[in-house]
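**Student:** everything below, folded, please.
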Amino acid sequence: MEFCKQFNARTQDKQGKVLPVVITVYADKSFDFVVKTPPAAVQLLEAAKVKKGSGEPNRAKAGSVTWDQIRTIAEDKMADLNAFTTESAMSMVAGTARSMGLKVAGKRPF
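**Tutor:** Residues are numbered from 1 along each chain as shown. Predicted coordinates for the structure are as follows:
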């Protein structure tokens, strides 16, 4: 019950979003938890305004995202990604978009 109260208090502003949580429970039944940022795939679907990715990403494209949208998602996910620069984080997010069947529109900015 205590976990539910704390979780709801920390995530009031993120209602309806998918949020990964890492919960650590100790021997004395106390706990800690860390709320992470939404997955890149979920953010990409929101940016492209589609319900789901393509079943055949190499043939059929489900939608498209711009490099500006990818930069925004990469900056949001920087804490959870194992990347040192924004450019490398953008490459990771762009790869996720391509594997979902989303077209990355525009010229690569770096």
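**Student:** residues near V22, how many?
**Tutor:** 9 (other CB atoms under 10 Å). The C-beta positions use only the backbone N, C-alpha and C, and glycine is treated the same way.
**Student:** now do the contacts for it.
**Tutor:** F33, V34, K36 (CB atoms under 8 Å, 6 or more residues apart in numbering).
**Student:** what would the residues you listed look like in TSV with distance to R98, pLDDT and secondary structure?
**Tutor:** Shown next, in TSV, are these (distance: CB to CB, whole Å; pLDDT from 0 to 100; DSSP: H, G, I helix; E, B strand; the rest coil):
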residue	distance to R98	pLDDT	secondary structure
F33	33	93	strand
V34	29	93	strand
K36	23	93	coil
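**Student:** out of those, which is nearest to Q15?
**Tutor:** Distance to Q15, by CB to CB, is smallest for K36 among those, at 16.5 Å.
**Student:** residues touching the closest residue to that closest one other than its chain neighbours, list them.
**Tutor:** Spatial nearest neighbour of K36, chain neighbours left out: P20 (4.5 Å); criterion: CB to CB, 6 or more residues apart in numbering. Shown in contact with P20 (CB under 8 Å, 6+ apart): V35, K36, P38, P39.
**Student:** nothing else from me, thank you.
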